[in-house]
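[1] Mind folding the following:
(2 chains)
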Amino acid sequence: MSQFTLNLIVIGLSFALYIGIAIWARAGSTAEFYAANRGVSPVMNGMATAADWMSAASFISMAGLIAFTGYDNSTYLMGWTGGYVLLAMLLAPYLRKFGKFTVPEFIGDRFYSGTARIIGVVCLLIISITYVIGQMTGVGVTFSRYLEVSNSTGLWIGAALVFVYAVLGGMKGITYTQVAQYIVLIIAYTIPAVFIALQLTGHVLPQTGLFGTLSASDTKFLATLDQVVTDLGFKSYTGHHQSTLDMVLFTMALMIGTAGLPHVIIRFFTVPKVADARKSAGWALVFIALLYTVAPAVGSMSRFNLTATMWPGAETGQTFSQPAVSLADIESREDLNWMRNWQVTGLLNWEDKNGDGLIQYYNEAGAANEPLAGVIAEQGLQGNELTTVNNDIMVLANPEIANLPGWVIAIVAAGGLAAALSTAAGLLLAISGAVSHDLIKGAINPGISEKGELFAARVSMAVSILVATLLGLNPPGFAAQTVALAFGLAASSIFPVLMMGIFSTRMNKEGAVAGMLAGIVSTLIYIFTYKGWFFVTGTNMLPDTADAWLLGISPASFGTVGAVINFVVAYLVSNATKEPPPEVRDLVASIRVPRGAGAAQAH
Amino acid sequence: MCMIIWALVSYGFGIILRPLLAGISMGGADLGFWFAQQGSILVFIVLIFFYAWRMNRLDAEHGVDE
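    The predicted model follows:
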């Protein structure tokens, strides 16, 4: 059986499973549609939250980012998990007690203001739609690579599938589908990691293999990796090279961004009790940690395997003891098939610049260091000959680089799709809730029937899928930049307003509105200054380099500063205006007491 | 209290205080590297479950549980 048929069968089976579950769990009422009738157990809810949260960025991208940067990108690992501590302690139980369906609804009721609610909807739509575009792009790339169709065909197939189960199923369908997707994606992520850890270090657990001993040379794996990459002129893998301030701010932006993402928060409205909301966040983190503790091993080991493919001597830590891989080998050897496959996508490429028949891979920036300088002189190198290595191919190519069996490769493809689709579905639910529940029912037509509301929710989902797919067809360099924007915006707008809404009885609507606007606008301006207005390249006013950044703070880290601005402005404005009415202060006090959450208010 | 540990293992051991832990070797790297890539995540999990257990018990003691 060819690899193509195998991919098709495994991906087809996984989709049959998701769609079957979506049909089986079709939603009837609005309560079921948005919040699964609040009848989901904490363990199941945690698993679904994990699938919802771990997107194409976590599954496909993150290990690659860690692979090529090393220690400095630990910020992603800590930032994207630490946010759950904030959620469990500061937000989830209180929001569950409040008993609302959507985040803007909470903002609107707590701050007794339709304006605040609409601003909440706008923030939510900006955050969620940019996120969905990234997911759709991921779906398109994965489909086109594994189904051997064009990128746009892959995208439309994905859009059709998301439409079927998100639109028909609602939250209940999505919750159980996401449980299935979590299982598929975690198996897909860990199986190749276990195989590779065994090959390299003899450890079954990638988490311990990372700190284990390399079987081939009897030296520590990480020490050998450091040695090999510095030999080739790269920065050491375990070393700290970035500014400490920026690392701290970036980690903080990811943490509070996580705790402010509407599609993650909405999860905690679906558990039956306040006590369960706390536990749910814990379970979500357990399931996320299964992937996140494996990711650094996947990253470092794929970096090591890639380097050892290019320089066979690197396998034992003696980088230059053997000549580099030859052009003839790359073009003919069975086990290097993956290089030719990825060359077609344009994400991997090489060029024999000095015409010696060998492909030498090194970092030109480190060319002056010994022993690399000696090798360059001796072999007459004219520049790095592995001209393109895209970070994002590392996880998908990993099983091929390590020569794992065909079924493992097929499962990884299904896992990547599960990650992208589950997140897209969760985001679409948040979008449709905001549009139908907050915008139409809350502001435009309060008398809408339950049936009409459900219909509006489905139409808004369909429209968002269409918009995201169309934008995903021609992503203007979107994915990574917009993910950073979404986190910065969530950190600077939603998180502070939720915190103040829960913990301050004095915070009034004037403060909340001013704070949200100040936070989101300052963050947007800072990002656009360096990334270009609305991400149009060439319109940036300052170069996007560390020297030009204010105090060395990167645009992706600015969400933390935006959040501080939000808090300060809200505090000042709220103290300058009159305090909120007594019934709102009583409401805030009652959120702290778990009893009575069962009687969740309908709308 | 839980928030202090949360900040300590991530920002503290993982980033700012890493040079202090550099002497403690941990499988080819140092303890700070381990905290940044493994330890902080494991501590986060323990923290959440401890907090959930403690808060749920406090709620019960004060008669405000469900």
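[2] Only C-alpha atoms from now on, for both contacts and neighbour counts.
    Noted.
[3] May I have the secondary structure class of residue A:100?
    Under DSSP: H, G, I helix; E, B strand; the rest coil, the three-state class of residue A:100 is coil.
[4] Likewise for residue A:5?
    Taking three-state DSSP as the rule, one finds residue A:5 in the helix state.
[5] quick one, phi psi at residue A:220?
    phi -60, psi 140 (degrees, to the nearest 10).
[6] cool, residue A:389 as well?
    The phi/psi pair for residue A:389 (degrees, to the nearest 10) is phi -130, psi 110.
[7] leaving aside the residues next to it on the chain, what's closest to it?
    Using C-alpha to C-alpha, 6 or more residues apart in numbering or on different chains and skipping the chain neighbours, the partner closest in space to residue A:389 is residue A:348 (4.8 Å).
[8] per-residue confidence for the one you found?
    Listed pLDDT for residue A:348 reads 81.
[9] what's the answer for residue A:536, then?
    On the pLDDT scale, residue A:536 is placed at 59.
[10] Also residue A:63?
    For residue A:63, the model assigns a pLDDT of 83.
[11] So which elements touch the host helix or strand of it?
    Per DSSP states H and E, residue A:63 falls inside helix A:63-69. Of the remaining helices and strands, those touching helix A:63-69 by 3 or more C-alpha pairs under 8 Å, 6 or more residues apart in numbering or on different chains; DSSP states H and E are helix A:295-310, helix A:394-401.
[12] In PDB, please show the C-alpha coordinates belonging to that helix.
    Only the C-alpha atoms of helix A:63-69 are listed here, as PDB (Å, rounded to 0.1, in the frame of the first residue of the first chain):
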ATOM      1  CA  ALA A  63       8.300  22.300  18.400                       C
ATOM      2  CA  GLY A  64       9.900  23.800  15.300                       C
ATOM      3  CA  LEU A  65      10.200  27.200  16.900                       C
ATOM      4  CA  ILE A  66      11.900  25.600  19.900                       C
ATOM      5  CA  ALA A  67      14.100  23.400  17.600                       C
ATOM      6  CA  PHE A  68      15.700  26.400  15.900                       C
ATOM      7  CA  THR A  69      16.000  28.800  18.800                       C
END
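[13] rewinding a little: so who does the residue nearest to residue A:389 touch?
    Contacts for residue A:348 were tallied using C-alpha atoms under 8 Å, 6 or more residues apart in numbering or on different chains; they are A:339, A:342, A:386, A:387, A:388, A:389, A:390.
[14] Next step: the residues you listed restricted to helices.
    A:339, A:342 (DSSP state H).
[15] of the contacts of residue A:348, closest to chain B?
    Using C-alpha to the nearest C-alpha, residue A:390 is the member of these that lies nearest chain B, at 22.5 Å.
[16] how much space between the closest residue to that closest one other than its chain neighbours and residue A:387?
    Of all residues not flanking residue A:390 in the chain, residue A:347 sits nearest, at 5.2 Å (C-alpha to C-alpha, 6+ apart). Per C-alpha to C-alpha, to the nearest Å, residue A:347 is found 10 Å from residue A:387.
[17] do residue A:406 as well
    To residue A:387, residue A:406 is 28 Å away according to C-alpha to C-alpha.
[18] same thing with residue A:346?
    Counting by C-alpha to C-alpha, the gap from residue A:346 to residue A:387 is 11 Å.
[19] who's more crowded, the two?
    Neighbour count, other C-alpha atoms under 10 Å in any protein chain shown: between residue A:346 and residue A:387, residue A:387 has more, with 18 against 11.
[20] For the more buried one, give me its contacts.
    Applying C-alpha under 8 Å, 6+ apart to residue A:387 gives the contacts A:348, A:349, A:350, A:351.
[21] Now list the buried members of those residues.
    Listed as buried from these are A:348, A:349, A:350, A:351; burial here means 16 or more other C-alpha atoms under 10 Å in any protein chain shown.
[22] just curious, which of these is nearest to chain B?
    Using C-alpha to the nearest C-alpha, residue A:348 comes nearest to chain B of the buried ones among the contacts of residue A:387, at 27.5 Å.
[23] can you tell me the helix or strand for the closest residue to residue A:514 other than its chain neighbours?
    Spatial nearest neighbour of residue A:514, chain neighbours left out: residue A:570 (6.0 Å); criterion: C-alpha to C-alpha, 6+ apart. Per DSSP H and E, residue A:570 falls inside helix A:558-576.
[24] quick one: that helix to chain centroid distance?
    Between the mean C-alpha location of helix A:558-576 and the chain-wide mean there is a distance of 27 Å, by C-alpha atoms, centre = their mean, to the nearest Å.
[25] can you list contacts of whichever helix or strand comes after that helix?
    Next along the chain after helix A:558-576, taking DSSP H and E as the criterion, comes helix A:582-591. Helix A:582-591 has contacts (C-alpha under 8 Å, 6+ apart) with A:94-95, A:97-98, A:110-112, A:501-506.
[26] Same question for stretch A:217-231.
    A:201, A:210-214, A:235-238, A:300, A:304, A:307, A:314-319, A:370-372, B:27-29.
[27] can you map out the helices along the stretch 1-150 of chain A?
    All helices of the stretch 1-150 of chain A, identified by DSSP state H, counting those that start in this stretch, fall at A:3-24, A:30-35, A:42-53, A:56, A:63-69, A:74-86, A:92-98, A:103-110, A:114-147.
[28] nope, chain B is what I was after
    Secondary structure of chain B (DSSP H): helices located at B:2-7, B:18-21, B:31-34, B:40-61.
[29] just so I know, which of the ones you listed lies nearest chain A?
    If we rank the helices of chain B by C-alpha to the nearest C-alpha, the stretch that ends up nearest is helix B:40-61, at 5.4 Å.
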